[in-house]
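**Student:** Got a sequence here, can you model it:
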Amino acid sequence: MSPETVVPPEGGRVVAVLERGPAGLAPVSLELAAGAKLLAEWLGLEARLVVLGDQPEELARQAAASGLPVMAVRVPGLTGFSGEVYRQVLAELLPRWRTAVLLAGHTTSGLDWLPGLAGRLDAACVSGVEGMRLAEGRLVLRRATMHGKLVEEIAPRAWPLCLTLQPGALASRVTTGNAPGAVEIIETAQPELRTKVEDLPGEANADAALSQAQVVVAAGLGVGGPENLELLRRLAARFPNSALAGSRPVCDLGWLPYRQQVGLTGATVNPRLYIACGISGARQHTVGMQGSGFIVAISHDPQAAIFNLADVCVVDDLPAFLQAFLDLI
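**Tutor:** The predicted structure follows:
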């Protein structure tokens, strides 16, 4: 299509590829379904959901609760996740389905397979979408840039269009209680692969206590050093059902284990209270906590991007502030 084309092809579809979690569908899958509904309504297209797996029936049943039709693709041997399998299988199926818009989660797995697939499909690709709107009949996408300090708006000029959606971006649009959508089982042959996933260490999975905590105290590099984590532990201990977490750099340095990491490559948490200590506010971290009920951010940098999300912003020397606060309470 011409680069000037802004209207999707007639009879096309919005296809959302849902993501598998530790027990069924991952939370971002509900938002992908909501996004597919919204885009289909705006663009006058049909919406479809897709799940892949060796035995995808249970995932398809969960997906059908959204009310949208589900295509369950049975891939022999696919018991977990393989980006190579997703790229091969979807590259064959998506053109058949007249896919105009492809949606995936802005997660480690979504970012694994979608960009390469967009190249195979000769599709426009926009990652990290945080919001969408229709302006004068034209789709406009919003995402953060410059480490969260700026927001840019992008209008697609070609189709098909591949998008990754930030977890939490459409949480308010998720609905339940719909009449189940129809499920279609699609059989595929086992693809020939160049790689094989041998093992997925359990340490990489989010700690259950962290994902269920109602209060999360999170450490960034601004805490100064691992010796100051004791202050955060003491603060967390002041609340029932609390947990200590860290940003990716903190876990990379070994100050905290990876099972306590929050962010794009860690856990997604939605506590009632999130206390960010010495965290800059890079999107790789905030994507995992932006759904928190109330956010308190403490940093010595008054320009820290985390303050754009926080309900209460404290600009101070972190260890000194925490020590004074603990003494007070």
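**Student:** okay, CA-based contacts and neighbour counts for the rest of this
**Tutor:** OK.
**Student:** just checking, next helix/strand downstream of the helix or strand of the chain with the lowest mean pLDDT?
**Tutor:** Least confident helix or strand, the chain: helix 208-212 with a mean of 72, by mean pLDDT, DSSP states H and E. Where DSSP states H and E defines the elements, the next helix or strand beyond helix 208-212 is strand 215-219.
**Student:** Starting from that following strand, tell me which strands it pairs with and how they run.
**Tutor:** Sheet pairing of strand 215-219 (DSSP bridges) gives strand 242-246 (parallel), strand 273-277 (parallel).
**Student:** remind me, longest helix of this structure?
**Tutor:** helix 28-43 (DSSP state H).
**Student:** Quick one: list the elements packing against it.
**Tutor:** Contact partners of helix 28-43 among helices and strands, from 3 or more CA pairs under 8 Å, 6 or more residues apart in numbering; DSSP states H and E: strand 13-17, strand 46-53, strand 99-105.
**Student:** which other residues reach the longest one?
**Tutor:** Yep, that's strand 46-53 we're talking about. 11-19, 33, 36-37, 40, 59-60, 63, 68-80, 86 (CA atoms under 8 Å, 6 or more residues apart in numbering).
**Student:** Could I get the pLDDT score of the residue nearest the centre of the chain?
**Tutor:** Per CA atoms, centre = their mean, the C-alpha nearest to the average position across the chain is that of Pro167, at 3.3 Å. In this model, Pro167 is scored at 79, pLDDT.
**Student:** deepest of the helices and strands packed on helix 28-43, which one?
**Tutor:** Highest mean neighbour count of these: strand 13-17, a mean of 27 (counted as mean count of other CA atoms under 10 Å).
**Student:** List the neighbouring strands of it plus their orientation.
**Tutor:** Each strand that pairs with strand 13-17, with its direction, by DSSP bridges: strand 46-53 (parallel), strand 99-105 (parallel).
**Student:** Need the nearest residue in space to Thr286, chain neighbours excluded.
**Tutor:** Nearest residue to Thr286, sequence neighbours excluded (CA to CA, 6 or more residues apart in numbering): Gly263, at 6.2 Å.
**Student:** With Thr79 as the reference, measure out to that neighbour.
**Tutor:** 25 Å (CA to CA, to the nearest Å).
**Student:** Which of those two has more residues huddled nearby?
**Tutor:** Counted by other CA atoms under 10 Å, Gly263 and Thr79 do not tie: Gly263 has more neighbours, with 22 against 12.
**Student:** The more buried one against Gly281, yeah?
**Tutor:** No - at 10.5 Å, Gly263 does not count as touching Gly281 under the criterion of CA atoms under 8 Å.
**Student:** burial measure for Asp316, as a count.
**Tutor:** So Asp316, with other CA under 10 Å, has 15 neighbours.
**Student:** Disregarding residues adjacent in the polypeptide, which is nearest to it?
**Tutor:** In space, Asp316 is closest to His300, 4.8 Å off (CA to CA, 6+ apart).
**Student:** Run through the residues that contact that neighbour.
**Tutor:** 222, 278, 315-318.
**Student:** Looking at neighbours, which among these is most surrounded?
**Tutor:** Highest neighbour count within the contacts of His300, by other CA under 10 Å: Gly278, with 25 neighbours.
**Student:** Return the residues in contact with the nearest residue to that residue once chain neighbours are set aside.
**Tutor:** Nearest residue to Gly278, sequence neighbours excluded (CA to CA, 6+ apart): Gly222, at 3.7 Å. Neighbour list for Gly222: 277-280, 299-300, 318 [criterion: CA under 8 Å, 6+ apart].
**Student:** Likewise for His285?
**Tutor:** His285 neighbours (CA under 8 Å, 6+ apart): 247-248, 262-264.
**Student:** coming back round to it: if I average pLDDT within each of the strands paired with strand 215-219, which one is lowest?
**Tutor:** Across the strands paired with strand 215-219, the lowest-scoring stretch is strand 242-246, with a mean of 94.
**Student:** Report the rounded mean pLDDT for the helix or strand following it.
**Tutor:** Using DSSP H and E, the next helix or strand after strand 242-246 towards the C-terminus is helix 248-252. Average pLDDT, helix 248-252: 94.
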